[in-house]
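S.K.: After the sequence you'll find the predicted model.
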Amino acid sequence: MNIIFLGPPGAGKGTQAQRICAALNIPQISTGDMLRRAIQEQTPTGLKAKSFMDAGGLVPDDVIIDIVKDRLQADDCKNGYILDGFPRTVPQAEALEKIAEIDRVIELDVADEALIKRISGRRVCLKCGATYHVSLLNGKTTCDNCGETLIQRDDDKAETVLNRLKSYHSKTEPLVNFYQGRGKLVKIDGAGDMDTIFDAIMKALA
Ligand code: AMP
């Protein structure tokens, strides 16, 4: 099954995608994680993407579409995947239609005020992609999964978060109508507890 997770930054796409991927044994394809790794490794793509990401804007469509095209050709995508953070614009969605058949789009819906609280307290592991909220870490600074030191993403800092929300509403939210028109969208309330949201997504995918 080929699945898209759609939703604003901080809606829980990454966390839920990780759990659903483990349950369905398919890979999670997070364009944000791929770009952060590219920046860390200082690849040409990483160098191109950095200034856009730092400002809370979107990386140009052609850059990101090439990355996803490559990734979807890998062997581990044969039995399905979750796209987490892609597509984020209508041109990206149109490019995706040319290379993949999407079965379901899960929209995680969370109000902006809750997102701002979640994002500003978020700490992430750059090695395995796990995310935590600072209020639940009790001073702990390393990842439970792999022991790596947790960091606050530069683009999770307050001044950038508002730009990211703005770019979600103007550029990504139109995809709700795009996929609704194709009969693929299921909207899930992303404000509840993690297990309830997980169950709702699994039901939507059944
Ligand atoms: P995320 O981890 O999904 O929140 O992505 C972090 C940042 O990476 C975004 O704010 C964008 O700057 C960039 N990014 C990730 N995915 C895309 C995409 N599909 N299109 C453009 N920019 C992206």
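M.R.: Happy to help now that I have it.

S.K.: who touches Ala93 in this structure?
M.R.: Pro87, Leu175, Phe178, Tyr179 (CB atoms under 8 Å, 6 or more residues apart in numbering). (Glycine included, C-beta is placed from N, CA and C.)

S.K.: Surely the third one and Val90 touch.
M.R.: Yes. Here Phe178 reaches Val90: they are 6.1 Å apart, a contact under CB atoms under 8 Å.

S.K.: Which one's more surrounded, those two?
M.R.: When neighbours are counted by other CB atoms under 10 Å, Phe178 comes out ahead of the other of Phe178 and Val90, with 19 against 15.

S.K.: CA-only coordinates of stretch 11-29, as PDB, when you get a sec.
M.R.: Coordinates of each C-alpha in stretch 11-29 appear next as PDB, following Å, rounded to 0.1, in the frame of the first residue of the first chain:
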ATOM      1  CA  ALA A  11       0.900  17.300  13.600                       C
ATOM      2  CA  GLY A  12       2.600  14.000  14.400                       C
ATOM      3  CA  LYS A  13       3.200  12.700  10.900                       C
ATOM      4  CA  GLY A  14       6.700  11.500  11.700                       C
ATOM      5  CA  THR A  15       5.800   9.800  15.000                       C
ATOM      6  CA  GLN A  16       2.700   8.000  13.500                       C
ATOM      7  CA  ALA A  17       4.400   7.200  10.300                       C
ATOM      8  CA  GLN A  18       7.200   5.400  12.200                       C
ATOM      9  CA  ARG A  19       4.600   3.300  14.100                       C
ATOM     10  CA  ILE A  20       2.500   2.500  11.100                       C
ATOM     11  CA  CYS A  21       5.500   1.600   9.000                       C
ATOM     12  CA  ALA A  22       6.600  -0.800  11.700                       C
ATOM     13  CA  ALA A  23       3.100  -2.400  11.900                       C
ATOM     14  CA  LEU A  24       2.900  -2.800   8.100                       C
ATOM     15  CA  ASN A  25       6.600  -3.500   7.500                       C
ATOM     16  CA  ILE A  26       7.000  -0.800   4.900                       C
ATOM     17  CA  PRO A  27       9.600   2.000   4.800                       C
ATOM     18  CA  GLN A  28       8.900   5.600   6.000                       C
ATOM     19  CA  ILE A  29      10.100   8.100   3.400                       C
END
